[in-house]
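**Q** Prediction below, plus the sequence it came from.
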Amino acid sequence: VVTLIDHHVHGVVTGDLDRAEFEALLSEGGAAAVPAGASMFDSQLGFAVRRWCASVLDLEPFAAADEYLTRRSELGAAEITRRFLRAAEVGLWLVDTGYRPGQVTTPDELAAASGGPAREIVRLEAVAERVARLGMSGRGFAAAFETALAEAVASGAAGLKSIAAYRFGLDFDPSRPGPREIAEAAGRWLHAAAGARGGPVQSRLTDPVLLRYLIWCGLDTGLPLQFHCGFGDPDARLHRADPSLLHDFLAVTAYAGAPVVLLHCYPFHRQAGYLANVFPHVYADVGEALNHVGARSAAVLAEALELTPFHKMLYSSDAFGLPELHYLGAAGFRRDIEKVTSTFVADGVWSEADAARVIDLIGWQNAARVYQLSL
Ligand SMILES: [Zn+2]
(Lines give C-alpha, C1' and ligand atoms only; values in the text may rest on other atoms or scores of the structure.)
Protein backbone atom coordinates (compact mmCIF):
# COMPACT_ATOMS: atom_id res chain seq x y z
CA VAL A 1 0.00 0.00 0.00
CA VAL A 2 1.30 3.46 -0.93
CA THR A 3 2.21 5.41 2.23
CA LEU A 4 0.25 8.66 2.58
CA ILE A 5 0.44 11.83 4.61
CA ASP A 6 -2.90 13.64 4.29
CA HIS A 7 -1.63 17.21 4.63
CA HIS A 8 -5.04 18.89 4.55
CA VAL A 9 -8.00 17.23 6.22
CA HIS A 10 -10.74 18.05 8.71
CA GLY A 11 -12.54 16.09 11.42
CA VAL A 12 -15.49 13.70 11.15
CA VAL A 13 -18.97 14.57 12.43
CA THR A 14 -19.47 12.84 15.73
CA GLY A 15 -23.24 12.23 15.75
CA ASP A 16 -25.57 10.11 13.60
CA LEU A 17 -26.80 11.77 10.41
CA ASP A 18 -30.21 11.72 8.76
CA ARG A 19 -30.50 11.61 4.99
CA ALA A 20 -30.60 15.39 4.50
CA GLU A 21 -27.58 15.89 6.74
CA PHE A 22 -25.64 13.17 4.95
CA GLU A 23 -26.46 14.60 1.51
CA ALA A 24 -25.53 18.11 2.63
CA LEU A 25 -22.05 16.81 3.42
CA LEU A 26 -21.75 15.41 -0.11
CA SER A 27 -21.75 18.98 -1.45
CA GLU A 28 -19.49 21.93 -0.70
CA GLY A 29 -22.68 23.97 -0.93
CA GLY A 30 -24.29 22.23 2.03
CA ALA A 31 -28.00 21.62 2.36
CA ALA A 32 -28.88 24.52 0.07
CA ALA A 33 -27.38 22.70 -2.92
CA VAL A 34 -30.05 19.98 -2.96
CA PRO A 35 -33.43 20.99 -4.42
CA ALA A 36 -36.52 19.21 -3.13
CA GLY A 37 -37.12 15.89 -4.86
CA ALA A 38 -33.51 15.56 -5.99
CA SER A 39 -30.51 13.86 -4.41
CA MET A 40 -26.80 14.60 -4.04
CA PHE A 41 -26.28 10.88 -4.56
CA ASP A 42 -26.80 11.83 -8.21
CA SER A 43 -23.32 13.34 -8.51
CA GLN A 44 -19.82 12.03 -9.18
CA LEU A 45 -19.19 11.95 -5.44
CA GLY A 46 -22.51 10.24 -4.71
CA PHE A 47 -21.73 7.55 -7.28
CA ALA A 48 -18.22 7.14 -5.83
CA VAL A 49 -19.68 6.58 -2.35
CA ARG A 50 -21.99 3.84 -3.65
CA ARG A 51 -19.19 2.29 -5.74
CA TRP A 52 -16.27 2.32 -3.31
CA CYS A 53 -17.65 2.81 0.19
CA ALA A 54 -20.44 0.22 0.12
CA SER A 55 -18.04 -2.71 0.59
CA VAL A 56 -16.51 -1.13 3.71
CA LEU A 57 -20.04 -1.38 5.19
CA ASP A 58 -20.38 -5.02 3.98
CA LEU A 59 -22.68 -4.07 1.07
CA GLU A 60 -22.34 -4.87 -2.62
CA PRO A 61 -20.74 -2.18 -4.81
CA PHE A 62 -23.36 0.24 -6.20
CA ALA A 63 -25.76 -0.41 -3.32
CA ALA A 64 -28.80 1.86 -3.58
CA ALA A 65 -28.66 5.09 -1.61
CA ASP A 66 -31.48 3.98 0.72
CA GLU A 67 -29.80 0.67 1.44
CA TYR A 68 -26.50 2.46 2.03
CA LEU A 69 -28.01 4.90 4.52
CA THR A 70 -29.93 2.14 6.32
CA ARG A 71 -26.73 0.17 6.77
CA ARG A 72 -25.01 3.32 7.99
CA SER A 73 -27.59 3.84 10.72
CA GLU A 74 -27.44 0.16 11.74
CA LEU A 75 -23.69 0.43 12.33
CA GLY A 76 -23.77 3.85 14.03
CA ALA A 77 -21.44 6.81 13.76
CA ALA A 78 -18.56 5.48 15.87
CA GLU A 79 -18.28 2.17 14.01
CA ILE A 80 -18.57 3.80 10.57
CA THR A 81 -15.88 6.31 11.47
CA ARG A 82 -13.59 3.57 12.77
CA ARG A 83 -14.06 1.46 9.63
CA PHE A 84 -13.45 4.21 7.07
CA LEU A 85 -10.57 5.88 8.88
CA ARG A 86 -8.76 2.57 9.34
CA ALA A 87 -9.44 1.50 5.75
CA ALA A 88 -7.87 4.79 4.59
CA GLU A 89 -4.49 3.58 5.93
CA VAL A 90 -3.14 7.12 6.21
CA GLY A 91 0.22 7.42 7.97
CA LEU A 92 -0.33 10.92 9.36
CA TRP A 93 -3.14 13.49 9.27
CA LEU A 94 -2.59 17.27 9.28
CA VAL A 95 -5.92 18.53 10.57
CA ASP A 96 -7.36 21.99 9.86
CA THR A 97 -9.24 22.75 13.07
CA GLY A 98 -10.71 26.09 11.97
CA TYR A 99 -13.93 24.97 10.24
CA ARG A 100 -17.01 24.17 12.37
CA PRO A 101 -14.99 23.15 15.44
CA GLY A 102 -17.21 21.50 18.03
CA GLN A 103 -19.19 19.65 15.34
CA VAL A 104 -16.35 17.39 14.24
CA THR A 105 -13.62 15.29 15.83
CA THR A 106 -10.50 16.97 17.20
CA PRO A 107 -7.07 15.88 15.88
CA ASP A 108 -6.67 13.60 18.92
CA GLU A 109 -10.06 11.99 18.32
CA LEU A 110 -9.26 11.53 14.63
CA ALA A 111 -5.95 9.91 15.59
CA ALA A 112 -7.64 7.58 18.07
CA ALA A 113 -10.33 6.48 15.60
CA SER A 114 -7.90 5.96 12.72
CA GLY A 115 -5.05 4.40 14.66
CA GLY A 116 -2.62 6.90 13.11
CA PRO A 117 -1.15 10.14 14.45
CA ALA A 118 -2.57 13.62 13.75
CA ARG A 119 -1.09 17.12 13.98
CA GLU A 120 -2.86 20.45 13.84
CA ILE A 121 -2.92 23.13 11.14
CA VAL A 122 -3.91 26.46 12.70
CA ARG A 123 -6.12 28.93 10.85
CA LEU A 124 -4.79 32.46 11.13
CA GLU A 125 -8.25 34.04 11.00
CA ALA A 126 -9.51 31.78 13.80
CA VAL A 127 -6.63 32.91 16.04
CA ALA A 128 -7.38 36.58 15.26
CA GLU A 129 -11.10 36.18 15.96
CA ARG A 130 -10.37 34.44 19.26
CA VAL A 131 -8.03 37.29 20.24
CA ALA A 132 -10.61 39.90 19.24
CA ARG A 133 -13.22 38.31 21.49
CA LEU A 134 -10.97 39.07 24.47
CA GLY A 135 -11.75 42.75 23.87
CA MET A 136 -9.02 45.34 23.33
CA SER A 137 -8.15 48.55 21.52
CA GLY A 138 -7.03 48.62 17.90
CA ARG A 139 -3.53 49.50 19.08
CA GLY A 140 -3.37 46.45 21.32
CA PHE A 141 -4.48 43.99 18.68
CA ALA A 142 -1.16 43.29 16.93
CA ALA A 143 0.74 42.40 20.10
CA ALA A 144 -2.11 40.22 21.36
CA PHE A 145 -2.39 38.42 18.01
CA GLU A 146 1.35 37.81 17.74
CA THR A 147 1.43 36.36 21.26
CA ALA A 148 -1.52 34.05 20.50
CA LEU A 149 0.06 32.92 17.24
CA ALA A 150 3.39 32.21 18.96
CA GLU A 151 1.51 30.11 21.53
CA ALA A 152 -0.24 28.14 18.80
CA VAL A 153 3.09 27.48 17.09
CA ALA A 154 4.76 26.50 20.38
CA SER A 155 1.95 24.05 21.16
CA GLY A 156 2.84 21.98 18.12
CA ALA A 157 1.12 23.36 15.00
CA ALA A 158 2.54 21.67 11.90
CA GLY A 159 1.52 24.56 9.68
CA LEU A 160 -0.77 27.56 9.26
CA LYS A 161 -3.64 28.32 6.92
CA SER A 162 -5.11 31.49 5.41
CA ILE A 163 -8.67 31.64 4.17
CA ALA A 164 -8.22 35.09 2.64
CA ALA A 165 -9.88 33.63 -0.47
CA TYR A 166 -13.10 33.26 1.52
CA ARG A 167 -12.91 36.54 3.37
CA PHE A 168 -11.71 38.94 0.67
CA GLY A 169 -10.02 37.34 -2.34
CA LEU A 170 -6.51 36.35 -3.33
CA ASP A 171 -6.10 39.70 -5.08
CA PHE A 172 -4.98 41.36 -1.82
CA ASP A 173 -2.22 43.98 -1.73
CA PRO A 174 0.97 41.90 -1.58
CA SER A 175 2.94 44.30 0.65
CA ARG A 176 3.33 43.98 4.43
CA PRO A 177 1.08 46.55 6.16
CA GLY A 178 2.66 49.03 8.59
CA PRO A 179 1.90 49.34 12.34
CA ARG A 180 -0.35 52.40 11.99
CA GLU A 181 -2.35 50.82 9.17
CA ILE A 182 -2.81 47.65 11.25
CA ALA A 183 -3.89 49.56 14.38
CA GLU A 184 -6.42 51.64 12.42
CA ALA A 185 -7.89 48.61 10.66
CA ALA A 186 -8.05 46.66 13.94
CA GLY A 187 -9.74 49.60 15.62
CA ARG A 188 -12.41 49.75 12.90
CA TRP A 189 -12.97 46.00 13.02
CA LEU A 190 -13.12 45.69 16.79
CA HIS A 191 -15.36 48.73 17.11
CA ALA A 192 -17.80 47.62 14.42
CA ALA A 193 -17.82 44.05 15.68
CA ALA A 194 -18.33 44.94 19.31
CA GLY A 195 -21.36 47.02 18.31
CA ALA A 196 -22.95 49.89 20.19
CA ARG A 197 -23.48 47.73 23.29
CA GLY A 198 -19.77 47.03 23.59
CA GLY A 199 -20.54 43.30 23.53
CA PRO A 200 -18.24 40.50 22.47
CA VAL A 201 -16.89 40.48 18.93
CA GLN A 202 -19.18 38.44 16.71
CA SER A 203 -18.17 39.35 13.22
CA ARG A 204 -15.83 37.52 10.95
CA LEU A 205 -12.57 39.10 9.97
CA THR A 206 -12.90 40.38 6.41
CA ASP A 207 -10.71 43.48 6.51
CA PRO A 208 -8.05 43.15 3.78
CA VAL A 209 -5.39 45.01 5.77
CA LEU A 210 -5.78 42.64 8.72
CA LEU A 211 -6.04 39.54 6.52
CA ARG A 212 -2.71 40.35 4.93
CA TYR A 213 -1.18 41.32 8.25
CA LEU A 214 -2.06 37.81 9.47
CA ILE A 215 -0.50 36.30 6.36
CA TRP A 216 2.77 38.17 6.92
CA CYS A 217 2.81 37.11 10.59
CA GLY A 218 2.28 33.55 9.38
CA LEU A 219 5.28 33.81 7.05
CA ASP A 220 7.39 35.12 9.92
CA THR A 221 6.94 31.85 11.80
CA GLY A 222 8.66 29.94 8.98
CA LEU A 223 5.96 27.26 9.12
CA PRO A 224 4.34 26.16 5.85
CA LEU A 225 1.48 28.54 5.04
CA GLN A 226 -1.53 27.02 3.29
CA PHE A 227 -3.91 29.09 1.15
CA HIS A 228 -7.39 27.99 0.24
CA CYS A 229 -7.63 28.30 -3.57
CA GLY A 230 -10.32 27.47 -6.10
CA PHE A 231 -13.39 25.35 -5.43
CA GLY A 232 -14.95 25.70 -1.99
CA ASP A 233 -18.23 26.52 -0.32
CA PRO A 234 -20.34 29.41 -1.68
CA ASP A 235 -18.45 31.97 0.43
CA ALA A 236 -15.46 31.58 -1.90
CA ARG A 237 -16.13 33.64 -4.99
CA LEU A 238 -14.39 31.50 -7.54
CA HIS A 239 -13.05 34.29 -9.72
CA ARG A 240 -11.19 35.73 -6.71
CA ALA A 241 -9.89 32.35 -5.54
CA ASP A 242 -7.69 31.77 -8.60
CA PRO A 243 -4.18 31.15 -7.20
CA SER A 244 -2.60 33.09 -10.06
CA LEU A 245 -3.94 36.22 -8.29
CA LEU A 246 -1.18 35.50 -5.73
CA HIS A 247 1.54 36.04 -8.32
CA ASP A 248 2.89 39.36 -6.98
CA PHE A 249 2.65 38.15 -3.39
CA LEU A 250 4.58 34.99 -4.29
CA ALA A 251 7.21 37.09 -6.08
CA VAL A 252 7.89 39.21 -2.97
CA THR A 253 7.86 36.22 -0.57
CA ALA A 254 9.95 33.80 -2.64
CA TYR A 255 12.89 34.03 -0.25
CA ALA A 256 11.02 34.86 2.97
CA GLY A 257 11.80 31.38 4.26
CA ALA A 258 8.31 29.88 4.57
CA PRO A 259 6.83 27.41 2.09
CA VAL A 260 3.48 28.45 0.57
CA VAL A 261 1.07 25.58 -0.09
CA LEU A 262 -1.83 26.11 -2.51
CA LEU A 263 -4.76 23.93 -1.45
CA HIS A 264 -7.42 22.39 -3.72
CA CYS A 265 -6.83 24.75 -6.65
CA TYR A 266 -9.44 23.13 -8.94
CA PRO A 267 -10.42 24.31 -11.55
CA PHE A 268 -7.20 26.36 -11.45
CA HIS A 269 -4.90 23.37 -10.90
CA ARG A 270 -2.98 24.23 -14.07
CA GLN A 271 -2.41 27.79 -12.82
CA ALA A 272 -1.24 26.33 -9.50
CA GLY A 273 1.12 24.02 -11.37
CA TYR A 274 2.60 27.01 -13.14
CA LEU A 275 3.16 28.85 -9.83
CA ALA A 276 4.75 25.75 -8.26
CA ASN A 277 6.95 25.47 -11.31
CA VAL A 278 8.30 29.03 -11.29
CA PHE A 279 8.44 29.95 -7.57
CA PRO A 280 10.88 28.06 -5.34
CA HIS A 281 8.67 28.09 -2.23
CA VAL A 282 5.31 27.15 -3.79
CA TYR A 283 3.64 23.73 -3.43
CA ALA A 284 0.21 22.60 -4.60
CA ASP A 285 -2.40 19.87 -4.24
CA VAL A 286 -5.63 18.92 -5.97
CA GLY A 287 -7.18 17.31 -2.90
CA GLU A 288 -10.91 17.88 -2.54
CA ALA A 289 -11.39 18.02 -6.29
CA LEU A 290 -10.43 14.37 -6.75
CA ASN A 291 -13.26 13.20 -4.48
CA HIS A 292 -15.79 15.54 -6.06
CA VAL A 293 -14.98 14.79 -9.71
CA GLY A 294 -15.36 11.03 -9.13
CA ALA A 295 -14.94 9.07 -12.34
CA ARG A 296 -12.85 11.92 -13.80
CA SER A 297 -10.34 12.05 -10.93
CA ALA A 298 -7.43 10.38 -12.76
CA ALA A 299 -7.82 12.92 -15.58
CA VAL A 300 -7.71 15.86 -13.17
CA LEU A 301 -4.70 14.40 -11.37
CA ALA A 302 -2.94 13.98 -14.72
CA GLU A 303 -3.67 17.63 -15.55
CA ALA A 304 -2.23 18.74 -12.22
CA LEU A 305 0.90 16.72 -13.01
CA GLU A 306 1.45 18.53 -16.31
CA LEU A 307 3.43 21.47 -14.92
CA THR A 308 3.69 20.91 -11.16
CA PRO A 309 7.22 19.62 -10.45
CA PHE A 310 7.02 16.22 -8.81
CA HIS A 311 8.77 17.51 -5.70
CA LYS A 312 6.08 20.23 -5.37
CA MET A 313 2.82 18.23 -5.31
CA LEU A 314 1.25 16.95 -2.10
CA TYR A 315 -1.51 14.47 -1.31
CA SER A 316 -4.61 15.59 0.58
CA SER A 317 -8.22 14.47 0.86
CA ASP A 318 -9.70 17.71 2.25
CA ALA A 319 -12.23 15.36 3.80
CA PHE A 320 -14.73 17.09 6.08
CA GLY A 321 -17.57 15.57 8.06
CA LEU A 322 -18.13 12.20 6.38
CA PRO A 323 -15.44 9.57 7.10
CA GLU A 324 -16.29 8.22 3.64
CA LEU A 325 -14.34 11.21 2.28
CA HIS A 326 -11.22 10.40 4.31
CA TYR A 327 -11.32 6.90 2.85
CA LEU A 328 -12.30 7.84 -0.71
CA GLY A 329 -9.52 10.42 -0.88
CA ALA A 330 -6.83 7.94 0.10
CA ALA A 331 -8.11 4.94 -1.86
CA GLY A 332 -8.88 7.08 -4.89
CA PHE A 333 -5.47 8.75 -4.91
CA ARG A 334 -3.75 5.37 -4.74
CA ARG A 335 -5.81 4.13 -7.70
CA ASP A 336 -5.37 7.32 -9.73
CA ILE A 337 -1.64 7.85 -9.25
CA GLU A 338 -1.05 4.23 -10.18
CA LYS A 339 -3.25 4.59 -13.27
CA VAL A 340 -1.70 7.88 -14.42
CA THR A 341 1.93 6.90 -13.89
CA SER A 342 1.52 3.41 -15.34
CA THR A 343 0.16 5.02 -18.52
CA PHE A 344 3.35 7.10 -18.77
CA VAL A 345 5.40 3.94 -18.26
CA ALA A 346 3.38 1.99 -20.83
CA ASP A 347 3.92 4.82 -23.32
CA GLY A 348 7.67 4.42 -22.83
CA VAL A 349 8.14 7.98 -21.53
CA TRP A 350 8.67 7.24 -17.83
CA SER A 351 10.70 4.44 -16.29
CA GLU A 352 9.05 2.17 -13.76
CA ALA A 353 11.59 3.19 -11.14
CA ASP A 354 10.82 6.88 -11.67
CA ALA A 355 7.07 6.21 -11.44
CA ALA A 356 7.53 4.44 -8.10
CA ARG A 357 9.67 7.30 -6.82
CA VAL A 358 7.16 9.98 -7.87
CA ILE A 359 4.32 8.11 -6.15
CA ASP A 360 6.23 8.23 -2.86
CA LEU A 361 7.19 11.87 -3.33
CA ILE A 362 3.56 12.95 -3.77
CA GLY A 363 2.12 10.41 -1.36
CA TRP A 364 4.23 11.41 1.64
CA GLN A 365 7.85 12.40 1.10
CA ASN A 366 7.16 15.95 -0.09
CA ALA A 367 4.85 16.57 2.87
CA ALA A 368 7.40 15.07 5.28
CA ARG A 369 10.06 17.41 3.91
CA VAL A 370 7.96 20.58 3.70
CA TYR A 371 6.29 20.21 7.12
CA GLN A 372 9.36 18.57 8.71
CA LEU A 373 7.45 15.48 9.76
CA SER A 374 8.61 11.97 10.49
CA LEU A 375 6.41 8.91 10.12
ZN1 LIG B 1 -10.40 21.99 3.76
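**A** Nice, I can see it.
**Q** Does residue 33 touch residue 20 like I think?
**A** No: between residue 33 and residue 20 no contact is recorded; they are 11.4 Å apart, counting by C-beta atoms under 8 Å. Placement of C-beta: from N, CA and C, glycine included.
**Q** Compare the two (neighbour count), which wins?
**A** Using other C-beta atoms under 10 Å as the criterion, residue 33 and residue 20 rank with residue 33 on top: 16 against 11.
**Q** May I have the distance across stretch 66-84, first residue to last?
**A** One end of stretch 66-84 to the other measures 19 Å (C-alpha to C-alpha, to the nearest Å).
**Q** Can you list the buried residues in stretch 297-307?
**A** Buried residues in stretch 297-307, counted by 16 or more other C-beta atoms under 10 Å: 297-298, 300-305, 307.
**Q** Which residues does it contact?
**A** With C-beta atoms under 8 Å, 6 or more residues apart in numbering as the test, stretch 297-307 has contacts from 265-266, 269-270, 272-274, 276-277, 284, 286, 289-291, 293, 313, 332-333, 335-337, 339-340, 343.
**Q** now with 6 Å?
**A** 269, 273-274, 277, 286, 289-290, 293, 332, 336, 339-340 (C-beta atoms under 6 Å, 6 or more residues apart in numbering).
**Q** so who does residue 220 touch?
**A** By C-beta under 6 Å, 6+ apart, the contact list for residue 220 is empty.
**Q** What is the burial count for the spatially closest residue to residue 1 that is not a sequence neighbour?
**A** Spatial nearest neighbour of residue 1, chain neighbours left out: residue 89 (5.5 Å); criterion: C-beta to C-beta, 6 or more residues apart in numbering. By the criterion of other C-beta under 10 Å, residue 89 has 17 neighbours.
**Q** mind checking how far residue 89 is from residue 371?
**A** 19 Å (C-beta to C-beta, to the nearest Å).
**Q** Of the contacts of stretch 297-307, keep whichever come out buried.
**A** Among the contacts of stretch 297-307, those that count as buried by neighbour count (16+ other C-beta under 10 Å) are 269, 273-274, 286, 289-290, 293, 332, 336, 340.
**Q** Would you format those residues as CSV with distance to residue 150 and secondary structure included?
**A** Below are the buried ones among the contacts of stretch 297-307 laid out as CSV (distance: C-beta to C-beta, whole Å; DSSP: H, G, I helix; E, B strand; the rest coil):
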residue, distance to residue 150, secondary structure
269, 34, helix
273, 34, helix
274, 34, helix
286, 32, coil
289, 34, helix
290, 35, helix
293, 39, helix
332, 38, helix
336, 39, helix
340, 42, helix
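**Q** before we move on, back to that, surely the residue nearest to residue 1 touches residue 2?
**A** No: here residue 89 lies out of contact with residue 2, judged by C-beta atoms under 6 Å, at a distance of 8.9 Å.
**Q** low pLDDT regions in this protein?
**A** For the chain, applying pLDDT under 70 flags the ranges 195-202.
**Q** make it 80
**A** 29-33, 193-203 (pLDDT under 80).
**Q** And the strands in it, which stretches?
**A** Remark: strands assigned in the chain by DSSP state E are 5-9, 92-96, 118-123, 159-162, 225-229, 260-264, 282-284.
**Q** Mean neighbour count for those - can I get that in JSON lines?
**A** Conversion of the strands of the chain to JSON lines gives the following (neighbours: other C-beta atoms under 10 Å):
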{"stretch": "strand 5-9", "mean neighbour count": "29"}
{"stretch": "strand 92-96", "mean neighbour count": "26"}
{"stretch": "strand 118-123", "mean neighbour count": "23"}
{"stretch": "strand 159-162", "mean neighbour count": "26"}
{"stretch": "strand 225-229", "mean neighbour count": "27"}
{"stretch": "strand 260-264", "mean neighbour count": "29"}
{"stretch": "strand 282-284", "mean neighbour count": "27"}
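**Q** Reformat these as CSV; add distance to residue 51.
**A** Conversion of these to CSV gives the following (distance: least, C-beta to C-beta, whole Å):
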stretch, distance to residue 51
strand 5-9, 21
strand 92-96, 24
strand 118-123, 28
strand 159-162, 31
strand 225-229, 28
strand 260-264, 23
strand 282-284, 27
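**Q** closest one to residue 134 among the ones you listed?
**A** Closest approach to residue 134 among these is made by strand 118-123 (17.2 Å; C-beta to C-beta).
**Q** what angle separates the closest one from strand 225-229?
**A** 70 degrees (axes from the mean of the first three to the mean of the last three C-alpha atoms, to 10 degrees).
**Q** Summarise which helices and strands strand 118-123 is packed against.
**A** Judged by 3 or more C-beta pairs under 6 Å, 6 or more residues apart in numbering; DSSP states H and E, the packing partners of strand 118-123 are strand 92-96, helix 107-114, strand 159-162.
**Q** Could you export the buried residues of stretch 297-307 to CSV, including columns for distance to residue 352?
**A** Listed next are the buried residues of stretch 297-307 as CSV, based on distance: C-beta to C-beta, whole Å:
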residue, distance to residue 352
297, 23
298, 18
300, 24
301, 19
302, 18
303, 23
304, 21
305, 17
307, 23
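**Q** Kindly indicate which of the residues you listed lies nearest residue 143.
**A** residue 304 (40.9 Å).
**Q** Counting neighbours, what do you get for the residue nearest to residue 375 when sequence neighbours are not counted?
**A** Excluding the flanking residues, the one nearest residue 375 by C-beta to C-beta, 6+ apart is residue 91, at 4.8 Å. Using other C-beta under 10 Å, residue 91 has 19 other residues around it.
**Q** Then residue 313?
**A** Count around residue 313 with other C-beta under 10 Å applied: 25.
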